[in-house]
Structure formats: C-alpha cells, structure tokens
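Visitor: Any chance you can model this:
(one chain, ligands or ions: 1)
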Amino acid sequence: MKFPVLILNFKAYAEAAGRRAVEIAKAAERVAKELGVNIAVAPNHLELALVAQSVEIPVYAQGVDVESPGAHTAHVALGNLKEAGAAGVILNHSEAPLRLNELARYVGRARELGLDVVVCAPDPTTSLAAAALGPHAVAVEPPELIGTGRAVSKYKPETVVKTVQLVGKHFPDVAVITGAGIESGEDVEAALRLGTRGVLLASAAVKAKDHYQKIMELAKPLLK
Ligand SMILES: O=C[C@H](O)COP(=O)(O)O
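Guide: Numbers count the residues shown, from 1 in each chain. Below you'll find the predicted structure:
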C-alpha cells in the first residue's frame with residue numbers, strides 16, 4: 001500500500017450508483033495520474049467489479065460479511081474480492097462494524113490474499129487495538145463527525161494526534177490515516193500536518209457537482 005493516500009469511499013450514495021461510480025472513479029484516476037499521487041476508490045459492492053475493470057487506480061471493497069466463499073446468500077465473501085478486481089479492503093467502518101474475532105481473522109486472511117487492508121476505528125485506543133491486528137493502515141474516524149462537513153482535522157485534532165502517537169509508538173509499520181467531515185483541500189492539509197499519512201473521505205467527493213475539480217482540490221495537499 002502506498003502513502004500518502006486519499007481513499008474515496010462511495011458508500012451507498014445514489015450519486016455514485018451504477019455508471020456514476022465509474023465516472024467518479026475515472027475523475028479520481030485522472031487526478032492521480034496528473035498529480036502523480038495515490039488515490040484509491042471504494043465503490044459499493046454492486047459496482048466494484050465494473051469500476052475495477054474501468055480504472056487502473058486501486059479499487060477497495062468497503063467491507064465484507066463473511067471470510068470464505070461458499071453458501072452465503074446475499075453476503076460478500078472476503079475470499080472473492082480478488083476475483084472481482086479489488087486491490088484492498090476497508091474493514092470495521094463505523095457503518096459496517098465487525099466483531100473483534102471476525103476482524104482479526106479478516107485482517108489476517110486479507111493480507112494472505114495480498115490485499116491492502118485498512119481498519120477503521122472511532123478513537124485512539126481502539127485504533128491502537130486495530131493496529132495490533134496488523135493492517136497496512138488504521139483510519140481513525142470519530143463517527144459523530146462523519147458526513148457532517150465538520151472535519152476531524154479541525155474539530156477533533158487531538159484525536160488524530162493521539163492516534164498518531166499511540167500507533168506510531170507501538171506499531172510503527174502501521175500507517176495512520178483519518179477521516180470524517182473532511183470537505184476541502186485545507187482539511188486534508190490539516191490532517192497531514194497532524195501526522196497522518198492520508199485521508200479516507202466520502203461525501204465531499206461523491207456529492208460534488210464537478211468530481212474532477214473537487215478531487216483535484218482534495219488531492220493537491222498530498223504533493224507537499
Ligand atoms: O469512509 C468515509 C468516512 O466515513 C467519512 O465520510 P465523510 O467524508 O462523508 O464524512
């Protein structure tokens with residue numbers, strides 16, 4: 001997994017459904033190529049394979065429900081992600097939380113499969129516990145700021161700094177990224193200044209009128 005990174009999570013937003021997921025991913029790819037920065041996209045499961053066939057930047061799954069492929073109707077199996085073209089997986093997002101024993105197993109299996117692994121956590125101590133499981137990155141995201149436009153890097157900088165310190169001290173190989181409410185290039189810049197190695201964001205990019213312009217603004221701070 002490469003850093004610094006901007007990860008764009010499409011969630012289940014209507015603005016990123018169907019062909020629109022491909023359009024946003026292509027805008028992200030254009031920015032990544034023009035600036036030479038790392039941008040990954042996380043479309044909904046419904047569009048993951050289509051997006052993965054359409055762009056060369058890394059495509060991540062937003063999560064999984066079960067570990068092994070098999071008789072799991074309406075579930076997404078971790079073991080099938082590579083077949084669908086995923087390069088990575090986001091686990092334990094606050095909107096798709098996992099039990100600790102499941103999370104531990106999924107992190108291990110995803111790494112065996114060669115996937116990039118990002119584990120989300122709501123606060124510094126949970127981030128430390130998540131880092132102990134051995135992902136490539138932990139994403140600290142205070143749930144109350146998600147989707148609010150109130151950036152974690154401005155409204156809860158102490159959460160970010162504490163996470164960077166704790167994880168950096170005990171698990172220096174695990175990168176800390178952050179997200180929640182990040183809306184502007186300035187917010188991304190602030191997150192990087194706090195010591196993170198990237199940002200996980202959704203609504204600002206997905207709901208933008210001009211995806212290319214917005215993603216360009218959000219990605220430019222990665223150059224500094
Ligand atoms: O996965 C993304 C995070 O939940 C942040 O979402 P947001 O950028 O809409 O606040």
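Visitor: Now do the same for the residue lying farthest from the centre of the chain: helix, strand or coil?
Guide: Farthest-out residue of the chain from its mean C-alpha position, per CA atoms, centre = their mean: A71, at 28.1 Å. Here A71 is coil, with the state taken from DSSP: H, G, I helix; E, B strand; the rest coil.
Visitor: Now it, what are its backbone angles?
Guide: Backbone torsions for A71, taken as degrees, to the nearest 10, come to phi -80, psi 80.
Visitor: Leaving out sequence neighbours, find the closest residue to V167.
Guide: Closest residue to V167 in three dimensions, ignoring its sequence neighbours and counting by CB to CB, 6 or more residues apart in numbering: A131, at 4.7 Å. Glycine gets a C-beta too; all of them are placed from N, C-alpha and C.
Visitor: Tell me the spacing between that neighbour and K154.
Guide: Between A131 and K154 the distance is 24 Å, computed by CB to CB, to the nearest Å.
Visitor: Pull the residues that contact the top helix by length along the chain.
Guide: In terms of residue count, the longest helix belonging to the chain (DSSP state H) is helix 19-35. Contacts of helix 19-35 with the rest of the structure, by CB atoms under 8 Å, 6 or more residues apart in numbering, involve 8, 10, 15-16, 37-39, 41, 43-44, 47, 50-51, 54-57, 59, 205-206, 211-212, 215-216, 219-220, 222-223.
Visitor: So which of these belong to strands?
Guide: L8, N38, I39, V41 (DSSP state E).
Visitor: Among these, which one lies nearest to the ligand?
Guide: Within these, distances to the ligand taken as CB to the nearest ligand atom reach their minimum at L8, with 8.5 Å.
Visitor: Show me what from this structure comes close to the ligand.
Guide: Selection of the chain residues close to the ligand by CB under 6 Å from any ligand atom yields 9, 93, 141, 146-147, 179-182, 200-204.
Visitor: Could you find which two of these are furthest from each other?
Guide: The distance between the two most remote of those (CB to CB) is 16.6 Å, for H93 and A204.
Visitor: Could you pull up the contacting residues of the closest residue to H75 other than its chain neighbours?
Guide: Counting by CB to CB, 6+ apart, D65 is the residue found nearest to H75 once chain neighbours are left out, at 4.0 Å. The neighbourhood of D65, defined by CB under 8 Å, 6+ apart, consists of H72, H75, V76, A77.
Visitor: I appreciate the help and will end here.
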